[in-house]
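Enquirer: need a 3D model of the following:
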Amino acid sequence: MGTEEIRQKLLPRFREMTADRVEKISAVLLLLERGTASIEQRQELDRELHTLKGEARMMGFAAISVVVHAEEELLKSCGATPSRDQAQALLEAGDAVLAMLDQPLEVGPAAESLVARLTGLIGAAPAATAPAAPGPAAVEAPAPPPAGGQAIAPSAPPSSTPAPPPPDAPRAEAGGLRATPRLELRGDKVQASIRVDVDRLDEIAAIAGDVLVEGARANRRARDLDGLFARWNRVSDRVVALAERLRHDGLGDRTVEQLEGDVHLLRSDTFRFSRTHSEAVQGARAQFTLLAERVGSARLIPLSGVLAGFPRAAREMAREQGKELDCEVSGGENGVDKAILLSLNDPLVHLVRNSIDHGVETPAERVAAGKPPVGRLTITARSDGDLLGLVVEDDGRGISPQKIRAAALARGVIGEQQAASLSSRAALDLIFLPGFSTRDQAGETSGRGVGLDVVRRKVTALGGSVTVESEAGKWTRFTLRLPQSLSLMKVLLVRIDEDVYGLPAVDVDSVGRLDAKDVAEVAGIRAVRYRDRLLPLVALGPLLSLNGGPRHPRPTVAYVLHGDEGAAVVVDGLFGEREVAVKAPGAFLKGMRFVTGAAALEDGRVALLLSTPDVITAARRLASPAMSRGRDRRRLRLLLVDDSAIAREAEAALLRSLGHEVDEAVDGEDGWERLQQGGYHLLITDVQMPVLDGIDLTRRVKATPRFHKLPILILSSLSAPEERRRGVDAGADAYMVKGELDAEVLAGALERLCGVPG
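Expert: From the prediction side, this is the model:
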């Protein structure tokens, strides 16, 4: 095989390795620019450049060799930290190297111009010719040969020192934020690595899932066989007892003795077979489980393939808008399922663009706000059991809930009463509505909300959730939670009549029996008090149109939590927890509400797997109170004081459903401090509270000239006449009992106390 034939054979490998090296070089350059690169990272950068120059020279890419040599010279003159212009030139040189992979090999005008720019930044004369042929130092890290091949080294034999191995991660194209997934199965040594097509691995995973189910079926058959052996033991006991009775009565003969001996021998053989068979089944099932887990792990691709391109691309996006930005990523070593990895790119791109366009301010704006001129954007990945957490956070201007409410109201997204009843968290959640934006005109990069509905829709389709938190003027944080694998999933199997359904086990907080006393109904909301919060209550049977609900007086309930939302899901019974192989819904099930997939069970039945976000959304919709009909009521600003978090949440929800703004205080002293801010139309307070109770708070308010005319409504669980008199004597304008509270009665009280039209 001639030199050119060898070169052509190695060319695809060289192009791929060069792209990987440029990606690593760009990542370290960004760290150098920020002054955060370690000595080891700087040394790695020098090695990568040196190796790339030598490989390009050997493969005949003179233009690449010239450019990389100029990069090395510029870096030597930069010291520890290059300037922004120097870093920009070096990064653009990396882009040019990638472009040169498909261009003529010789040094042309484009390469000469780039070299002139690089050398000009150090004051040296432009270099128009290739550097001298590499000496021994350049041969120290030859191009890594493919399996079974040899490196090209016409002027020197290959060294025994191998080049740095390629990274495990798939590559992200520079500046485009587009990922090209690449998967490697590794043995104990890097040299044993092989590349496996992900579609082929998907087929193996599907087979492994089927084998896992077959192992469960074998275990079930083993239990059935044990049952048969138990019946045989009972029969053999009777045969032995009958033989002993015949022998005792003098009726036994040789035939009876032979029968008794055969029974004893058969029982012994049966016991040994049962024991060895059970051990074999358990061992095989353990191996099947291990096989499925290992295949599932092999399908997990490092997140670095998606994340690696963001620091550079985010920096360029910000510069286009006259902004300075440092983007840092961490946690790229965490692996995710191929299907999730391929679907993550677009949501992350939307969130990064959104942060740059809306969050990060210009340097002048940041300095005026007392911030560093360079903005900061972080993308953090972490693994939490079977879940993957992704956080995108910027230190920009944040999101104002008031601005969101106003924009939503102006665009007709919500009505006045709904806007009045929204909490700050619910207001922030409006940015995920389709087409919603706080801007009259969207910018070139994004509009706050434009694309965020795509983010939520795509993440939810993967069984994940998206939440947003923000502090106006300081920061915004988007948190994505997703399963790491879609092929194998731990599920809680529940029963509706005789059918089996599955809920992702990661979303099930606990299960139990539902008592009537745990159910609260306030203004039409049926909810359950669960761990200091109210969860909407929904029966799965009626929700799926399967039956009229459980008939047991204390039905089984599964408390599911997904992101910041949750629901209490009532079912007919439990079928246990399993790790199942997930199958995509076929044509018959595709589009069926709440169903995301199916799983075969060991008894031959098929369990339909349900989407937790869809179930929670349906539960909230079914449990939400109807908005007040008739004329709009005037919006009041109310202060609610109650030390019980559950009671406060229920009462605040009721007041907000009537269209009023509610501020909450945790005790009387807290309420008194909030009153100093002024602007409240009504004070609603409980009686029994620590620090300062409701009676003393009422007296203090009425004794203060500034608040003398402020109406006070005492809302207490104490219903005795003497308690009512205490409240009235203290100065309360009305006294209501919590157990008798409903929307109409409360609305009437507000109308009487504050002059709100009905």
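Enquirer: tell me the spacing between residue 29 and residue 467.
Expert: As judged by C-beta to C-beta, to the nearest Å, residue 29 and residue 467 stand 34 Å apart. C-betas here are computed from N, CA, C, even on glycine.
Enquirer: number of residues surrounding the nearest residue to residue 382 once chain neighbours are set aside?
Expert: Closest residue in space to residue 382, ignoring its immediate chain neighbours: residue 389 at 4.9 Å, by C-beta to C-beta, 6 or more residues apart in numbering. Applying other C-beta atoms under 10 Å, we find 16 residues neighbouring residue 389.
Enquirer: what's the answer for residue 473, then?
Expert: Neighbour number of residue 473 under other C-beta under 10 Å is 13.
Enquirer: do the same with residue 515
Expert: With other C-beta under 10 Å as criterion, residue 515 counts 12.
Enquirer: from residue 646, how far out is it?
Expert: Between residue 515 and residue 646 the distance is 15 Å, computed by C-beta to C-beta.
Enquirer: circling back to that earlier point, so for residue 29 and residue 467, which residue has more residues nearby?
Expert: residue 29 (24 against 17).
Enquirer: which residues of the stretch 401-550 of the chain score low on pLDDT?
Expert: Where the stretch 401-550 of the chain drops to pLDDT under 70, the residues are 417-418, 421, 434-451, 487, 521-525.
Enquirer: could you pull out the helices in it for me?
Expert: 401-410, 416-421, 424-429, 452-461, 540-543 (DSSP state H, counting those that start in this stretch).
Enquirer: mind putting those helices in TSV, distance to residue 40 and mean neighbour count included?
Expert: Below are the helices of the stretch 401-550 of the chain laid out as TSV (distance: least, C-beta to C-beta, whole Å; neighbours: other C-beta atoms under 10 Å):
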stretch	distance to residue 40	mean neighbour count
helix 401-410	45	17
helix 416-421	55	19
helix 424-429	41	17
helix 452-461	36	19
helix 540-543	55	20
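Enquirer: okay if I get those as JSON lines plus distance to residue 753?
Expert: Output for the helices of the stretch 401-550 of the chain, formatted as JSON lines (distance: least, C-beta to C-beta, whole Å):
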{"stretch": "helix 401-410", "distance to residue 753": "26"}
{"stretch": "helix 416-421", "distance to residue 753": "18"}
{"stretch": "helix 424-429", "distance to residue 753": "26"}
{"stretch": "helix 452-461", "distance to residue 753": "41"}
{"stretch": "helix 540-543", "distance to residue 753": "40"}
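Enquirer: among those, which is nearest residue 656?
Expert: Nearest to residue 656 among these is helix 416-421; the distance by C-beta to C-beta comes to 3.4 Å.
Enquirer: if I look at the nearest residue to residue 547 once chain neighbours are set aside, how far off is residue 515?
Expert: Closest residue to residue 547 apart from its sequence neighbours, by C-beta to C-beta, 6+ apart: residue 541 at 4.1 Å. Plainly put, residue 541 is 19 Å away from residue 515 if you go by C-beta to C-beta.
Enquirer: pull the contacting residues for residue 257.
Expert: Contacts for residue 257 (C-beta atoms under 8 Å, 6 or more residues apart in numbering) come out as 243, 247.
Enquirer: mind running it again at 10 Å?
Expert: 243, 246, 247 (C-beta atoms under 10 Å, 6 or more residues apart in numbering).
Enquirer: from these, which would you call buried?
Expert: Burial by neighbour count, 16 or more other C-beta atoms under 10 Å: within the contacts of residue 257 this picks out 243, 246.
Enquirer: tally of neighbours for residue 34?
Expert: 16.
Enquirer: could you number the chain from 176 rather than 1 from now on?
Expert: Taking 176 as the first residue, the last one we looked at is residue 209.
Enquirer: who's in contact with it?
Expert: Contact analysis of residue 209 by C-beta under 10 Å, 6+ apart lists 256, 262, 486, 501, 502, 503, 549, 551.
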